[in-house]
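Q: need a 3D model of the sequence below.
(one chain, ligands or ions: 1)
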Amino acid sequence: MFYFGVDYYPENWPEERWPEDARLMAEAGCNVVRLAEFAWAKLEPQEGHYDFAWLDRAIAILAAQGIRVVLGTPTASPPPWLMARHPDLFRVREDGRPVTFGNRREYCPNNPLYHDYTRRIVTQMAGHYAHHPAVIGWQIDNEFGDRCYCPVCAAAFHDWLRQRYASLDDLNRRWGTIFWSHVYSDWSEIPLPLTTGGSPNPGLALDFYRFASDSYVAYQQMQIDILRRQCPRHFVTHNLMGFKYDRLNYFDLARPLDFVSWDNYPRTQWSMQAKVDPSQAALAADTMRGLKPCPDKGRGQNFWVLEQQAGPGGWEVVSVAPRPGELRLWAYQAIAHGAEAILFFRWRTARFGTEQYWHGLLDYDACPGRRYAEIKRLGAEIKKAGAQISGSLVRPCVAMLLSYDSRFALQIQANNPQFSYPDHFHQLYRALYHRHVLIDVVDPHADLSPYRLVVAPALHLVSGSVAANLQRFVAAGGVLVLTLRAGVKDESNAVVNQRLPGLLSDLCGVEVEEYDSLPPGVQNGLEFVLPELTTAHPPAASVWCDVLKLNGATVVARYTQDYYAGKPAITLHQFGQGRVVYVGTVGDTLLYETLAGWLLGLAGVRRLLAAPEGVEVAERWQGERRLLFVLNHTEREQEVTLDCCYTDLLDGSAVRKGTIPIAPRDVLVLQENER
Ligand SMILES: [Zn+2]
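A: Numbering: from 1, shown residues only. Below you'll find the model as predicted:
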């Protein structure tokens, strides 16, 4: 069953309105809602006094329309009575100051007292709804978050370090605390990396980031344990935040969940762009799918979208309005990348509160308008096509490695002020995405055997096990791409004591002789040496230039300027049955677009379909039956040429082989006919 619905806050509206809301939801094709994620103050208005009667009434009204319920545990917004009584519960910021009441997620994830309050409310809710026929699952908290630097966390960090290191001597050695005389003689002396302390020891900072991530994983686990014990029939998930969010190791957070859910907002007030780059949401979806391996299948597991954009987003300012057709298009994009459920955030725009400009399907007046009509159309289509889509799998041949260790290490030390790990990652992703291939985003420890091409952007921190995993993949015939600043750090965030790229040197067949960190506005040129790689004008290198020395590899491109003109910048190395490409610089779009075509050719990965710019192609498999998704992200009619005959799942029509039009911001969901 494909789940389709909305996030609903009945507590924001008069009760007399609820039946009409439920009726309109059902009319739009909704079969699920998420409730109660921010309702703690109404569920426990005073300490120890619980009130589920209002929620029972709301669920009964929704259930009468055939709508199922996902409940949020309300711990992301503790009630004022709780925080006023226990000011120690407030999370402390990086600058050492506690947050104050007035937003959400104000709490410290390690505070044992907050754990007690959490256990009580979750236990009460779970007990009350364990056997409710309309309730199907749980979302824990909401968009887990920010690091806490409070005294409780400091003590917990010390315990965490004791578990990780054999002894304090071992820690001192690995972090290199001899530098600036930071040698610790007692665990309690170890500080938190507050901004008031200036640039911290990189080993300490990375371990703190890991600890902070583990803190939320443990806090989540505490809630999971309660729900598993009391509600064994229900699923348990959490709503993550796509690719961009970078404070938590999402692989760790995803592991104990039944499946990953996430929140998909292509247009927010934080990115006021006239045009949406659809590769951003595609990357987010592929990351979310890659967080959990599919049992027995090797590749990523499908996900839910628990918050799908329903209108302009906004807190203090309002985002660009989603254009007509975009809400439907973005929902199909998420489905094409593995969504098993789409819930729009939110049903009706709140009249009050911080998110009063975060628009829902209905506006303040609750009258169905353009956005409701668009979603109603989508709901009718999902009713028809959902069963064919549900459970079908995405099976990419290309993977990109997302290393949270590297990402955290590069947050601590960007190496160059212009360098951004997520932007670099996205640049490479976008070039492959434009070639109409499917991509999994996976952990560097993942089983890489399903893939032919693996791209590991700025794999800065490399353990022996990751190096061995990459060697296995390449030796067996895979094509691996590594880029600048690979293999620089060991697991303690110390620089390796060998020529770069460290543990990856043999694999790459190069040594980094030296490197040049470029100032803003300064570029070097790149000249391709391989005849199959030619461009009308030379691609540009910027930000960082690794000057390479061949050690078995051959040259793909050289620098054209400065004292290292003529030196290799990009190389190719045969290793076992496979090949390794090392790209020692940050390129421009031309470089990545050119390399993408060549790399896919090298790895023998074919595009799904030839399609014009701005038209996305994706694929899911129902057993051996192929579903093709064609998404026109442009404002013009486009054409695609199909290589076989299909059934259009949205209108039931037969689609013949050959060229067919696709309207602006429209989609095709096609099921391949049996051959
Ligand atoms: Zn804390």
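
Q: residue in the stretch 151-300 of the chain nearest to the ion?
A: Proximity of the stretch 151-300 of the chain to the ion (C-beta to the ion) peaks at residue 153, 3.3 Å away. Quick note: C-beta positions are derived from backbone N, CA and C, even for glycine.

Q: identify the residues contacting that residue.
A: Listed by C-beta atoms under 8 Å, 6 or more residues apart in numbering, the contact set of residue 153 reads 92, 108, 110, 192, 212, 215.

Q: between the residues you listed, which is nearest residue 83?
A: residue 108 (11.1 Å; C-beta to C-beta).

Q: so the closest one sits against residue 149, correct?
A: No. Counting by C-beta atoms under 8 Å, residue 108 sits too far from residue 149 to count as a contact (9.2 Å).

Q: give me the common contacts of the two.
A: residue 92.

Q: okay, now the residue in the stretch 451-600 of the chain that the ion sits nearest to: neighbour count?
A: Nearest residue of the stretch 451-600 of the chain to the ion: residue 493, at 22.3 Å (C-beta to the ion). Residue 493: 26 surrounding residues under other C-beta atoms under 10 Å.

Q: follow-up on the earlier one: looking at the contacts of residue 153, which one is closest to residue 397?
A: residue 212 (35.2 Å).

Q: now do the closest residue to that closest one other than its chain neighbours, the pLDDT please.
A: Spatially, and ignoring its direct neighbours in sequence, residue 212 is nearest to residue 147 (4.0 Å; C-beta to C-beta, 6 or more residues apart in numbering). Looking at residue 147, its pLDDT is 97.

Q: start at 27, not 1
A: Let's use 27 as the start, then, which means that last one is residue 173.

Q: list phi and psi for residue 173.
A: As for residue 173, its main-chain torsions (degrees, to the nearest 10) stand at phi -70, psi 140.

Q: end to end, how far does stretch 35-49 reach?
A: 15 Å (C-alpha to C-alpha, to the nearest Å).

Q: now do it, average pLDDT.
A: Stretch 35-49 comes out at a mean pLDDT of 98.

Q: same question for stretch 87-100.
A: Rounded mean pLDDT across stretch 87-100 is 98.

Q: just the buried residues of that stretch, please?
A: Within stretch 87-100, the residues that count as buried by 16 or more other C-beta atoms under 10 Å are 87-89, 91, 93-100.

Q: can you check stretch 232-247 too?
A: Neighbour counts using 16+ other C-beta under 10 Å place 232-243, 245-246 of stretch 232-247 among the buried residues.

Q: then stretch 548-557?
A: 549-554.

Q: next one: stretch 476-492
A: Quick answer for stretch 476-492 (16+ other C-beta under 10 Å): 476-489, 492.

Q: just the ones of the buried residues of stretch 232-247 in strands?
A: Members of these lying in strands (criterion: DSSP state E): none.

Q: which one of the residues you listed is nearest residue 598?
A: For the buried residues of stretch 232-247, the nearest to residue 598 is residue 232 (32.0 Å; C-beta to C-beta).

Q: tell me if I'm right that that closest one and residue 433 touch.
A: No. Counting by C-beta under 8 Å, residue 433 is not a contact partner of residue 232; they are 10.5 Å apart.

Q: which neighbours do the two share?
A: The contact lists of residue 232 and residue 433 share no entry, where a contact means C-beta under 8 Å, 6+ apart.

Q: picking up where we left off before, now the residue of the stretch 177-326 of the chain closest to the ion: how far from residue 113?
A: 16 Å (C-beta to C-beta, to the nearest Å).

Q: mind listing what residue 666 touches?
A: Counting by C-beta under 8 Å, 6+ apart, the residues that residue 666 touches are 635-638, 641, 643, 656, 685-686, 688, 694.

Q: closest one of those to the ion?
A: Distances from the ion to the contacts of residue 666, taken by C-beta to the ion, are shortest for residue 643, at 46.0 Å.
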